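Chemist: Starting from these lines, generate the structure:
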Amino acid sequence: MFEGEALGLSAMYETKSIRVPKPFKVGAFPTGGSYIIMEYIEVGSSRGDQSILGRKLAEMHKAAKSENGFGFHVDNTIGSTPQINTWTSDWIEFYSEHRLNFQLKLAQQQYGDSAIYEKGQRLLKNIAALFEDVTIEPCLLHGDLWSGNISSDKNGEPVILDPACYYGHNEAEFGMSWCAGFGGSFYSAYFEVMPKQPGFEKRRDIYLLYHYLNHYNLFGSGYRSSAMSIIDDYIRILEA
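Modeler: Purely as a prediction, here's the structure:
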């Protein structure tokens, strides 16, 4: 887990865009357990300016592209859930199999939830329709951008930490927006650097779904209804 985190932090750090703590060393204790040592950043009293956060995040997405397709150098974790990052040339295939279907299978195995699994399969069969006329480049994503992973330094510059990095569609970065507190100024500044693609609004919930499913698998049934509601809505639209 720490090795994946360190590689993600290094990749983001090397873009020289948004501030992240530089990782120095990862290792295992002889008596068990592991550690990660990283740069100490004195945090400020707020989460910083939303417009600066949006602009710098977009600059990171624009700066770091992958020639290997979608994925990452290693598998890592989203929370404590494994996150499979096998390099894949096609984004729809990558996101369908290594993000949504992985979580759907986990829900079926963990809770015996065949209903959400089977409806999820119906969604996956039709998901390509959400990506018509869209140019998708593999951008470096933080991958777990919620309010607890966003801060600022003592000068008010935004800082992001605790990533679940991979190269993916830039819109997937907003999958935790339901608990990230992104406002209008954030999105306005972001889209000035990374222009909004056609159909952004209709795809927004497909990226929320991954994180709702993960929260269901991590924390229990309180998140099931949100995930199922998104699946039902898309099935109704895509199968119409």
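Chemist: Would you check that residue 123 makes contact with residue 236?
Modeler: No. Counting by C-beta atoms under 8 Å, residue 123 sits too far from residue 236 to count as a contact (10.4 Å). Every residue, glycine included, has its C-beta placed from N, CA and C.
Chemist: who's more crowded, these two?
Modeler: The neighbour count for residue 123 versus residue 236, taken as other C-beta atoms under 10 Å, is higher for residue 123 (23 against 9).
Chemist: Any buried residues in the helix or strand harbouring the more buried one, and which?
Modeler: Assigned by DSSP states H and E, residue 123 belongs to helix 114-126. Neighbour-count burial for helix 114-126, counted by 16 or more other C-beta atoms under 10 Å, picks out 116, 117, 119, 120, 123, 124.
Chemist: Let me see the contact set for the second one.
Modeler: Just to be clear, that refers to residue 117. With contact set as C-beta atoms under 8 Å, 6 or more residues apart in numbering, residue 117 has these partners: 104, 105, 107, 108.
Chemist: who wins for most neighbours among these?
Modeler: residue 104 (24 neighbours).
Chemist: pretty sure it is in a helix, no?
Modeler: Yes. Counting by DSSP: H, G, I helix; E, B strand; the rest coil, one finds residue 104 located in a helix.
Chemist: For it, give its distance to residue 186.
Modeler: Plainly put, residue 104 is 30 Å away from residue 186 if you go by C-beta to C-beta, to the nearest Å.
Chemist: Sketch out the low-pLDDT regions of the protein for me.
Modeler: Where the chain drops to pLDDT under 70, the residues are 47.
Chemist: Against residue 157, how distant is residue 55?
Modeler: Here residue 55 is placed at a distance of 11 Å from residue 157 (C-beta to C-beta).
Chemist: between those two, who's got more neighbours?
Modeler: Counted by other C-beta under 10 Å, residue 55 and residue 157 do not tie: residue 55 has more neighbours, with 23 against 17.
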